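J.: structure, please.
(2 chains)
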Amino acid sequence: KAGVTQTPRYLIKTRGQQVTLSCSPISGHRSVSWYQQTPGQGLQFLFEYFSETQRNKGNFPGRFSGRQFSNSRSEMNVSTLELGDSALYLCASSLAFSPGQGAGYTFGSGTRLTVV
Amino acid sequence: DQQVKQNSPSLSVQEGRISILNCDYTNSMFDYFLWYKKYPAEGPTFLISISSIKDKNEDGRFTVFLNKSAKHLSLHIVPSQPGDSAVYFCAASDSGGGADGLTFGKGTHLIIQP
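T.: Below you'll find the model as predicted:
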């Protein structure tokens, strides 16, 4: 079966711009979570969507937002980009996330965002 | 405040020997722990997990040990193989709260020397 697909793979943006990243989960998976990976902070939880509803949100400013569509595809948006937003953004899908089911996460390969 | 810590950014081990990766946590509400492996340009892949009701879980060459009183877990890989060279992330979750997804450590880069 197809894995988690993230597009684009690489992106270069200028400070102040906004960006939209896309994630297509594994067919049948209804939960999509987003993580930010930076060298200094490791992987940090951004938010999680299940059946088009945001269920959980990490400790990130309001410039970071997301949504999920009826086909479970998800997008995340970052507005007013800052240099510190440069990171690898990872999407993970699962049938239904509960904390004890982290093993059910399948990660995509990520989108590498560079802000200049 | 980092709730999951992997204090060794890198670890070099000879092929065939045992690799031991360590992880400490501070949040006593964490009750489920996972290890993920990550190759460059790929997303993390799940390796092995352990619930707080256990102190050991084994899957082939991989064993995870949990010491709740010390808030410490470790991943043992025996024997180590060249394909094990990757970054390993420890992650934890709180099944009671669940509001923060998984909390990851910063990773340990394991290098298997031939």
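
J.: who's in contact with A:Ile26?
T.: A:Ile26 sits next to A:Lys1, A:Ala2, A:Gly3, A:Val4, A:Ser93, A:Thr106 when contact means Cβ atoms under 8 Å, 6 or more residues apart in numbering or on different chains. Bear in mind the C-beta positions are built from the backbone N, C-alpha and C, glycine included.

J.: before we move on, which element is the closest residue to it other than its chain neighbours in?
T.: Excluding the flanking residues, the one nearest A:Ile26 by Cβ to Cβ, 6 or more residues apart in numbering or on different chains is A:Ser93, at 5.2 Å. Using DSSP states H and E, A:Ser93 falls within strand A:87-94.

J.: helix or strand right after that strand?
T.: Once strand A:87-94 ends, the next helix or strand along the chain (criterion: DSSP H and E) is strand A:106-107.

J.: just the CA trace of whatever helix or strand comes next after that following strand, in CSV.
T.: Next helix or strand after strand A:106-107 toward the C-terminus (DSSP H and E): strand A:111-115. What follows is strand A:111-115, C-alpha atoms only, in CSV (Å, rounded to 0.1, in the frame of the first residue of the first chain):
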residue,chain,number,x,y,z
THR,A,111,9.1,18.6,3.7
ARG,A,112,12.4,20.5,4.2
LEU,A,113,11.5,24.2,4.5
THR,A,114,14.2,26.8,4.3
VAL,A,115,13.4,30.4,5.2
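
J.: give me the buried positions along strand A:111-115.
T.: A:Thr111, A:Arg112, A:Leu113, A:Val115 (16 or more other Cβ atoms under 10 Å in any protein chain shown).

J.: nearest to chain B among these?
T.: Lowest distance from chain B to the buried residues of strand A:111-115 (Cβ to the nearest Cβ) belongs to A:Arg112, with 8.8 Å.

J.: in chain A, what residue comes closest to chain B?
T.: A:Phe107 (3.0 Å).

J.: from A:Gly58, how far out is the nearest residue to A:Met76 once chain neighbours are set aside?
T.: Using Cβ to Cβ, 6+ apart and skipping the chain neighbours, the partner closest in space to A:Met76 is A:Gly66 (4.1 Å). As judged by Cβ to Cβ, to the nearest Å, A:Gly66 and A:Gly58 stand 11 Å apart.
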